[in-house]
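> fold the following.
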Amino acid sequence: MLSEQIAFGGIYLPLFLAFLAATGLIYLLVQPLLLRSRAHRLFWHPALAGAALFIILLASLMLVFGP
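Numbers count the residues shown, from 1 in each chain. Coordinates of the predicted model:
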């Protein structure tokens, strides 16, 4: 079971911050693939679709690896 905080250089940070950072890295890897495949044309508002993708990735990471 994971603790609710992580220690980084003597500073206690919430575990949610680590999930946000991991999600950001995954999003940066997935976003160019979606742009190259022109998947953004399927959505009315591409920025909203990007935000939804980020939330889906974050929720998935938290469900799989969360406390």
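> for the chain, what spans make up the strands?
All strands of the chain, identified by DSSP state E, fall at 5-8, 11-14.
> select, out of these, the one closest to S60.
With CB to CB, the closest approach to S60 among the strands of the chain belongs to strand 11-14: 18.8 Å. The way it works is simple: take the backbone N, C-alpha and C, and place the C-beta from them, glycine included.
> residue at max distance from the center of this structure?
G10 (25.1 Å; CA atoms, centre = their mean).
> burial measure for P32, as a count.
9 (other CB atoms under 10 Å).
> in the longest helix seen in the chain, what counts as buried?
Selection of the longest helix in the chain by residue count, based on DSSP state H, yields helix 15-36. Using 16 or more other CB atoms under 10 Å as the test for burial, helix 15-36 gives L15, A18, F19, T23, I26.
> for L61, give me its contacts.
F19, A22, T23, I26 (CB atoms under 8 Å, 6 or more residues apart in numbering).
> nearest spatial neighbour of the residue nearest in space to the middle of the chain, skipping sequence neighbours?
For the chain, T23 is the residue whose C-alpha lies nearest the centre (CA atoms, centre = their mean; 2.2 Å). In space, and not counting its chain neighbours, T23 is closest to L58: 4.4 Å by CB to CB, 6 or more residues apart in numbering.
> for G24, see how far away the one you found is.
9 Å (CB to CB, to the nearest Å).
> check the gap between the residue nearest to the centre of the chain and I55 for me.
9 Å.
> which stretches of the protein have low pLDDT?
Scanning the chain for pLDDT under 70 picks out 1-3.
> one more time with 80, if that's ok
The chain contains residues with pLDDT under 80 at 1-3, 67.
> show me what contacts L17?
Shown in contact with L17 (CB under 8 Å, 6+ apart): I6.
> that'll do, ta.
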